[in-house]
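K.L.:
3D, please:
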Amino acid sequence: MYDIIGDIHGHAARLQSLLEKLGYAQESDQCYRHATRQVIFVGDFIDRGPQIREVLETVRAMVEGGSALTVMGNHEYNAIAYSIERLNEPGHYLRRHNEKNTGQYQQTLNQLSPDELEDWVGWFRTLPAWLELDDLRVVHASWNPPAMALFDEVLQQYGHFTDDFMHAACDTGSELFRAVETVLKGVEVPLPDGVTFADKDGNVRHKFRSRWYASPIGQTVRSYVLGSDSGFPDLPLSNQAIAAACPYSPDEIPVFVGHYWLRAENPSLLASNVACVDYSVAKGGFLCAYRWNGEANLSDENFVTV
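P.N.:
As a prediction, the model looks like this:
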């Protein structure tokens with residue numbers, strides 16, 4: 001059985017406390033293990049928090065020691081893109097080194113030496129973008145079969161997250177770019193003309209993260225936002241947003257995600273078979289896990305937090 005752990009963002013002390021609360025013990029090889037269970041991490045190990053190296057060392061030891069599986073988060077993907085120079089553009093990178101992007105990445109740059117960062121980015125390139133096991137699925141942001149099919153086809157073509165793959169995936173006009181964004185960053189829906197909002201970092205946004213797992217029929221912008229609906233207009237969704245939706249059927253096996261910086265006193269399911277385990281540990285929230293015991297219908301009682 002599995003314990004699915006949400007976005008950690010450099011908070012190693014919280015991670016170690018959560019592992020101990022779940023019954024994992026650190027052994028002589030520094031790997032945390034449980035006698036009968038295994039962790040699945042949803043990604044986003046880096047950025048923001050004070051103990052990035054310790055988080056990475058803990059996670060990697062567990063993955064390589066066989067006590068954990070993991071998928072890639074958008075922050076690991078961004079780190080790969082940040083490290084790759086654009087073809088024929090020396091000094092310019094696939095993820096631009098501008099104030100916004102560097103600011104988001106600054107704690108990682110501060111805490112890891114260039115050699116360490118090169119090694120960790122090399123490890124990030126080996127991570128799967130999602131996991132589909134016998135009775136559950138794990139992806140960082142959204143389970144979208146059409147996007148995943150294209151994503152996987154090009155990954156296989158290039159041999160995983162190589163420089164060539166990353167150049168293709170960072171072409172903002174391509175279908176591949178949109179597929180990667182959907183899987184690792186979620187389904188974003190344009191706001192009505194003239195409507196904007198400021199995200200958690202103060203950046204002005206013209207799109208919102210949607211409840212991708214739910215049918216958009218009959219929804220408004222406010223009801224379809226994933227996260228706080230404060231300040232969003234109670235206006236109908238566009239026909240384009242409705243046509244592009246790929247809701248997750250209640251008949252599908254459970255799927256677990258992170259990414260969404262949810263806030264609540266207690267975690268709760270998104271749907272009977274959809275759970276988010278990101279509860280904003282790096283923004284005053286808590287680190288969250290879901291203790292999965294094979295059930296098809298998930299339960300709020302199985303969340304564990306520190």
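K.L.:
Please count neighbours and contacts with C-alpha atoms only from this point.
P.N.:
OK.
K.L.:
most residues in a single strand of this structure, which one?
P.N.:
Looking across the chain with DSSP state E, the single longest strand is strand 286-292.
K.L.:
who touches the helix or strand just after that one?
P.N.:
Using DSSP states H and E, the helix or strand that follows strand 286-292 in sequence is strand 303-305. With contacts defined as C-alpha atoms under 8 Å, 6 or more residues apart in numbering, strand 303-305 is touched by 18, 22, 267, 268, 286, 287, 288, 289, 290, 291.
K.L.:
How about the residue in this protein that sits furthest from its center?
P.N.:
Relative to the mean C-alpha coordinate of the chain, counting by C-alpha atoms, centre = their mean, the farthest residue is residue 88 (31.1 Å).
K.L.:
Phi, psi for that one please.
P.N.:
phi 60, psi 20 (degrees, to the nearest 10).
K.L.:
quick one on the thing from earlier: sheet-wise, list the partners of the longest strand of the chain with their directions.
P.N.:
According to DSSP bridges, strand 286-292 forms sheet pairs with strand 2-5 (antiparallel), strand 278-279 (antiparallel), strand 303-305 (antiparallel).
K.L.:
Compare these and give me the one nearest residue 74.
P.N.:
Nearest to residue 74 among the strands paired with strand 286-292 is strand 278-279; the distance by C-alpha to C-alpha comes to 13.2 Å.
K.L.:
Tell me which residue is most central in this structure.
P.N.:
Short answer for the chain (C-alpha atoms, centre = their mean): residue 140, at 3.2 Å.
K.L.:
so what's that one up against?
P.N.:
42-43, 71-74, 129-130, 183-185, 256-259.
K.L.:
got it, and residue 13?
P.N.:
Taking C-alpha under 8 Å, 6+ apart, we find residue 13 in contact with residue 51.
K.L.:
give me the low-pLDDT residue ranges for the chain?
P.N.:
199-201, 229-230 (pLDDT under 70).
K.L.:
hmm, try it at 80
P.N.:
Low-confidence regions of the chain, defined by pLDDT under 80, span residues 192-206, 228-231.
K.L.:
Just checking the distance from the longest strand of the chain to the centre of its chain.
P.N.:
Relative to its parent chain, strand 286-292 has a centroid offset of 14 Å by C-alpha atoms, centre = their mean, to the nearest Å.
K.L.:
again, but for stretch 228-236
P.N.:
24 Å.
K.L.:
And it, what's buried?
P.N.:
232, 236 (16 or more other C-alpha atoms under 10 Å).
K.L.:
quick revisit: want to try a markdown table for the strands paired with strand 286-292, with distance to residue 223 and mean neighbour count as columns?
P.N.:
What follows is those, written out as a markdown table (distance: least, C-alpha to C-alpha, whole Å; neighbours: other C-alpha atoms under 10 Å):
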| stretch | distance to residue 223 | mean neighbour count |
| --- | --- | --- |
| strand 2-5 | 27 | 24 |
| strand 278-279 | 20 | 27 |
| strand 303-305 | 24 | 21 |
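K.L.:
Identify whichever of these lies nearest to residue 102.
P.N.:
Closest among the strands paired with strand 286-292, using C-alpha to C-alpha: strand 278-279, at 22.7 Å.
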